[in-house]
Structures are given as C-alpha cells and as structure tokens.
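*Asks:* quick one: sequence plus predicted model below, questions after.
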Amino acid sequence: MRTRRALPLFVPLFAILALLGLAACGDDDSDTTAAGEGGSNPPAETQESAETQESNAPAPSGEAVRSAKVEIEDFEFVPSTVTIQEGGKVTWINRDSEEHTATLDDGSFDTGLLAEGKLKSESFKKAGTYPYHCDLHPEMTGTVEVVAG
C-alpha cells in the first residue's frame, strides 16, 4: 500500500498569505500630498510598488527625473540630494532597523514615522529647493530640488 506524504501546514498558509499580499498591492497615490501647495495628508504606510522600482526615469525635458527614490540607510538619506521635474514625486524608503522621518524644514510635509521596510511618497508641484531632515535624528538631512518642466 502506498502512503501519501502530507505537506507541512505552513505551505498552504504561506500560499494564502502570498495571495492576500498580491491582492493588496497597488498604488492609488493615496499616500501622496503636494508640496508647495499647503496641507498634508496623515501618514500612510505602503509597500514598495513597481512604480517606485522604476524611479529615476528621465523626464521629457531630459533635465530632471519624474520620480526619485531616496533610501534611508545607516542614518543617512541616499542620495542626499535628488532633482526632479515640477510635478514629480519622491519616495522615501526606510532600510534601517530604526524608525525615521523625512520632514521638510518648513514643516509643510512629514512622512510620519517610517519603520523598517516602509515607504512614503510626496509630489512636488512648484519649482524650488526643499531641504528636509529626520525629526528623530536632526543630523540626517537631504534636499529635493524641483526644476521647472
């Protein structure tokens, strides 16, 4: 008589969790606010999306990118300065085990606390220079430069 081997219980659970994770993917820009236009949405944490992975695509003007990704690692913003086109977006991703924020110096935008692996995006509608810092670690600084399209 032939016996069947049962799969460990974690295999079906893993498959179910993976399917649920895929169903939750997507970017409806609900985590994005517009810098330079006043107002801010409450922090919302999301998972990294395909859009973020395609960051730094050249803008039509060729002078700046439409979107840029800033990784927070080893208590630094990497890169510390990004240049984007007017109307472009910056996404901050925390790669540290410590929580961090990306907060514009003028207070018009704040990611809120970003735990390890979490991200937050911000659109910048007006050309200008936007210095920012981490509220928890003020020595961490960066700059978003927005150029006219």
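*Replies:* Nice, I can see it.

*Asks:* number of residues surrounding Glu139?
*Replies:* If you count neighbours by other C-beta atoms under 10 Å, Glu139 ends up with 8. All C-beta atoms are positioned from the backbone trio N, CA, C, and that covers glycine.

*Asks:* and Gly87, what element?
*Replies:* Here Gly87 sits within strand 81-94, counting by DSSP states H and E.

*Asks:* output that strand in PDB with nothing but the alpha carbons.
*Replies:* What follows is strand 81-94 as a C-alpha-only set of coordinates in PDB (Å, rounded to 0.1, in the frame of the first residue of the first chain):
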ATOM      1  CA  THR A  81      20.000  65.400  -3.000                       C
ATOM      2  CA  VAL A  82      17.600  64.500  -5.700                       C
ATOM      3  CA  THR A  83      16.500  66.600  -8.600                       C
ATOM      4  CA  ILE A  84      13.000  66.100 -10.000                       C
ATOM      5  CA  GLN A  85      10.800  67.800 -12.600                       C
ATOM      6  CA  GLU A  86       7.900  70.000 -11.400                       C
ATOM      7  CA  GLY A  87       5.000  67.800 -10.500                       C
ATOM      8  CA  GLY A  88       7.400  64.900  -9.900                       C
ATOM      9  CA  LYS A  89       7.400  62.600  -6.900                       C
ATOM     10  CA  VAL A  90      10.000  61.500  -4.300                       C
ATOM     11  CA  THR A  91       9.600  58.200  -2.400                       C
ATOM     12  CA  TRP A  92      11.500  57.600   0.900                       C
ATOM     13  CA  ILE A  93      12.100  54.000   1.800                       C
ATOM     14  CA  ASN A  94      13.400  53.100   5.300                       C
END
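
*Asks:* give me the mean pLDDT for stretch 75-90.
*Replies:* Mean pLDDT, stretch 75-90: 97.

*Asks:* list the buried residues for that stretch?
*Replies:* Glu76, Phe77, Val82, Thr83, Ile84, Gln85, Glu86, Gly87, Gly88, Lys89, Val90 (16 or more other C-beta atoms under 10 Å).
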